[in-house]
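Asks: after the sequence you'll find the predicted model.
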Amino acid sequence: KGIEWSVDNGAEVISMSLCALIENCDGSDAISQSVDKAVDQGVLVGVAAGNSGNKENTISSPGTARKAITVGSIDKSRLVSYFSSRGPVLWNETILKPDILAPGRYICAAQWDDVWEWNKCIDDKHVAISGTSMAAPHVSGAVALMKQAFPLLKPEEIKSILVNKADYDIYHYEEIGKLNISSAIKSYRDQQLIISPSSFSFGIIDLSQASWGKEQTLNIVYKGNPTLSEISIEGDFPQGVTFDFPRTLQLYEGINSFTVSLTANTNIPDKTYWGFIKVKVDGKINYVPFFFKKTSLEVYHDKITARDYLDIYLKSQIPLSLDKTFAFITSPQGNQYNINFNSLGKGKYSAQFYTVEDGDYQVKIDAFDYNGIYLGTSTSFKVDRKSPSLTANIDSSKNLIVESTEDIGPYTVTPYMQLSNSPLIWNPSFAVDKNGNKYIGYVMTEGSWFNTQDFLYNNQITSSANLNSLIAISSDMFNSIQEEYPSRHIGSSLWIE
């Protein structure tokens with residue numbers, strides 16, 4: 001309502017120092033849509049990026065609005081503030097954000113009531129405040145100066161000039177430039193040159209092919225005499241990434257277009273790759289930031305399970321389309337199964353598969369985002385519900401020795417001691433029976449590494465009958481106990497003289 005009121009009442013610039021962190025915040029929420037609508041009506045809107053820290057994809061609404069100038073914060077050393085939200089926006093659409101950086105740490109401002117009372121500056125009526133909310137007004141003020149200097153410029157043209165003429169130096173964050181209003185005004189007055197879009201995304205690499213490609217067309221609106229421009233690309237890109245673009249472009253008055261093509265091998269490391277296109281005209285450089293991203297699914301599950309089911313979890317930086325995300329499972333006997341995933345929120349997904357036979361299973365996960373980009377992967381697991389044979393003995397130093405026919409892990413074996421005809425003693429220590437010369441060691445385990453639990457066979461031991469079912473009275477002093485269901489509980493018991 002506030003945005004609409006401002007537009008209806010003739011505002012030319014709106015500054016918004018507010019944010020709301022919304023899951024799947026991709027600029028399609030109501031506030032971001034209102035901002036874009038205001039820009040379409042000729043109002044330029046500067047908004048705070050948010051203060052969610054230094055992790056990727058933390059820009060909040062309305063900073064995700066496509067047509068807003070989204071502002072991150074830097075300090076006096078020209079370093080990005082630790083609290084400033086980072087881009088890019090990685091939801092249903094990939095958007096390069098923030099658009100620009102401006103001072104936002106320890107900004108001296110008029111005090112309201114008694115807030116930040118401990119942080120006075122200049123006098124007793126001002127306090128030093130930090131946040132992207134303090135950075136956004138710097139850019140909104142710069143926009144007002146641009147409007148005053150060039151009243152006929154449209155919002156998207158002012159945005160492009162500010163981004164193209166920002167400072168890109170050793171302190172900049174991921175190809176996002178620092179506001180330089182004097183450079184922007186002087187450059188446009190001298191050259192009358194605008195490059196659009198102001199920034200762009202090549203998108204997410206599709207993993208369905210060995211090599212992936214994308215292209216972007218840029219337009220240079222020029223109002224000067226014919227001249228030759230030089231074009232280059234800078235960024236930290238690995239081997240397997242190439243760009244195709246014209247190294248020079250003759251500029252004439254009007255719209256001059258050129259295309260940049262990207263080709264990337266899909267086996268490059270997972271990372272967000274940032275860069276910028278440099279367009280040099282009459283010795284002056286204009287910057288157009290861009291990015292693309294390689295990301296893979298993270299898959300979590302037990303590699304070996306003894307249970308009758310297996311939980312498979314996915315984690316994705318990109319929202320997945322559940323209608324197009326499945327796990328295709330091949331059993332040891334070659335039988336095929338497919339299962340659906342459910343969303344757990346915040347980029348996490350789960351599925352459950354009921355095992356049908358022991359052995360090695362192969363899993364192929366097909367996953368697509370909402371734009372049809374393939375993000376699939378593969379994995380495997382083993383089902384082993386057959387209990388291993390377990391032996392236990394006491395050596396001459398009275399050390400309990402346990403041996404198994406397969407690896408069961410060092411933390412899944414627990415000794416329990418019990419007097420002959422007495423309840424179980426849970427504390428694992430040796431005990432002596434009523435005659436003073438006999439004690440018993442009992443060993444148990446649960447076979448799944450991630451799901452250990454205590455288990456007492458045949459109910460709690462309270463009678464001689466129950467004891468006889470567990471303890472072998474024989475010359476070799478040993479009896480093996482095994483249980484297959486519900487889990488691989490295995491054990492041994494022995495008499496010790």
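Replies: On my side now, so go ahead. Numbers count the residues shown, from 1 in each chain.
Asks: can you pull the poorly scored residue ranges out of the stretch 1-150 of the chain?
Replies: Where the stretch 1-150 of the chain drops to pLDDT under 70, the residues are 21-25.
Asks: tell me where it has helices.
Replies: 2-8, 30-40, 132-149 (DSSP state H, counting those that start in this stretch).
Asks: who wins for proximity to Ser81 among these?
Replies: helix 132-149 (7.9 Å; C-beta to C-beta). Any C-beta I mention is one placed from the backbone N, CA and C, and that applies to glycine too.
Asks: the next helix or strand along the chain from the closest one vs helix 30-40, what angle?
Replies: Proceeding N to C from helix 132-149, the next assigned helix or strand is helix 155-164, under DSSP states H and E. Comparing the axes of helix 155-164 and helix 30-40 via axes from the mean of the first three to the mean of the last three C-alpha atoms, to 10 degrees yields an angle of 100 degrees.
Asks: by contact count, what packs against helix 155-164?
Replies: Judged by 3 or more C-beta pairs under 8 Å, 6 or more residues apart in numbering; DSSP states H and E, helix 155-164 is in contact with strand 44-48, helix 132-149, helix 181-191, strand 193-196, strand 284-294.
Asks: what comes up buried for that helix?
Replies: Pro155, Glu156, Glu157, Ile158, Lys159, Ser160, Ile161, Leu162, Val163, Asn164 (16 or more other C-beta atoms under 10 Å).
Asks: list just the nearest of these to Gly359.
Replies: Val163 (57.4 Å).
Asks: how near is the closest one to Tyr287?
Replies: 7 Å (C-beta to C-beta, to the nearest Å).
Asks: ok, Leu262 next?
Replies: 17 Å.
Asks: got a list of what the closest residue to Lys154 other than its chain neighbours touches?
Replies: Among residues not flanking Lys154 along the chain, Gly42 sits closest, at 7.1 Å (C-beta to C-beta, 6 or more residues apart in numbering). Each residue near Gly42 by C-beta atoms under 8 Å, 6 or more residues apart in numbering is listed here: Glu12, Lys154, Pro155.
Asks: now do the buried residues in stretch 354-361.
Replies: Neighbour counts over stretch 354-361 (16+ other C-beta under 10 Å) mark Thr355, Tyr361 as buried.
Asks: let me know how buried Lys346 is, in neighbour terms.
Replies: 8 (other C-beta atoms under 10 Å).
Asks: next up, phi/psi of it, please.
Replies: Torsion angles at Lys346 (phi, psi; degrees, to the nearest 10) stand at phi 60, psi 40.
Asks: just checking, Thr305 touches Phe381?
Replies: Yes. If you go by C-beta atoms under 8 Å, Thr305 and Phe381 touch, sitting 6.5 Å apart.
Asks: which non-adjacent residue is nearest the spatially most central residue of the chain?
Replies: The centre of the chain sits closest to Gln317, judged by C-alpha atoms, centre = their mean, with a distance of 4.3 Å. Nearest residue to Gln317, sequence neighbours excluded (C-beta to C-beta, 6+ apart): Thr295, at 5.0 Å.
Asks: Tyr222 too?
Replies: Leaving out its chain neighbours, the residue that sits closest to Tyr222 by C-beta to C-beta, 6+ apart is Leu251, at 4.7 Å.
Asks: and that neighbour, what does it touch?
Replies: With C-beta under 8 Å, 6+ apart, Leu251 has these contacts: Ile220, Tyr222, Gly224, Pro226, Thr227, Leu228, Ser229, Val281.
Asks: so which of these are in strands?
Replies: Applying DSSP state E to the contacts of Leu251, the entries found in strands are Ile220, Tyr222, Thr227, Leu228, Ser229, Val281.
Asks: so the last one sits against Pro226, correct?
Replies: Spelled out, that is Val281. No. With contact defined as C-beta under 8 Å, Val281 does not reach Pro226; the gap is 11.3 Å.
Asks: tell me which of the two has more neighbours.
Replies: Val281 (20 against 9).
Asks: what's the per-residue pLDDT of the residue nearest to that one when sequence neighbours are not counted here?
Replies: Once flanking residues are discounted, Val281 sits nearest to Ser229: 4.8 Å by C-beta to C-beta, 6+ apart. Looking at Ser229, its pLDDT stands at 96.
Asks: hey, what's Ser229 bridged with?
Replies: Per DSSP bridges, the residues bridged to Ser229 are Leu249, Val281.
Asks: follow-up on the earlier one: quick check, nearest of the contacts of Gly42 to Thr70?
Replies: Of the contacts of Gly42, the one sitting nearest to Thr70 (C-beta to C-beta) turns out to be Pro155, at 13.5 Å.
Asks: residue contacts, the closest one?
Replies: Applying C-beta under 8 Å, 6+ apart, the residues near Pro155 are Val39, Gly42, Val43, Leu44, Val45, Lys67.
Asks: how does it look with 10 Å?
Replies: By C-beta atoms under 10 Å, 6 or more residues apart in numbering, the contact list for Pro155 reads 12-13, 38-45, 67-69, 143, 147.
Asks: go on, Ser140?
Replies: Val13, Ile14, Ser15, Met16, Ser17, Leu44, Val45, Gly46, Val47, Ile69, Val71, Ala102.
Asks: let's see it at 8 Å
Replies: Val13, Ile14, Ser15, Gly46.
Asks: what bridges to the closest residue to Glu157 other than its chain neighbours?
Replies: Distances taken as C-beta to C-beta, 6+ apart put Ile194 closest to Glu157, at 5.3 Å, once the chain neighbours are dropped. Applying DSSP bridges to Ile194 yields these beta-bridge partners: Val221.
Asks: ok so, going back, what about the helices and strands packed on helix 155-164, which gets the closest to Glu234?
Replies: strand 284-294 (9.0 Å).
Asks: okay, now the sheet partners of that closest one, with direction.
Replies: Here strand 284-294 is paired, per DSSP bridges, with strand 200-204 (parallel), strand 271-281 (antiparallel).
Asks: okay, now the nearest residue to Glu56 once chain neighbours are set aside: neighbour count?
Replies: Closest residue in space to Glu56, ignoring its immediate chain neighbours: Arg86 at 5.4 Å, by C-beta to C-beta, 6+ apart. Residue crowding around Arg86 was assessed by other C-beta under 10 Å; the count is 22.
Asks: list the contacts of Arg86.
Replies: Arg86 neighbours (C-beta under 8 Å, 6+ apart): Gly53, Asn54, Lys55, Glu56, Asn57, Thr58, Ile59, Gly72, Tyr173, Glu174.
Asks: was I right about the fourth one contacting Gly87?
Replies: Spelled out, it's Glu56. Yes. The pair Glu56 / Gly87 is scored as a contact, 7.2 Å apart, by C-beta under 8 Å.
Asks: just want to know which of those two has more residues nearby.
Replies: Gly87 (28 against 15).
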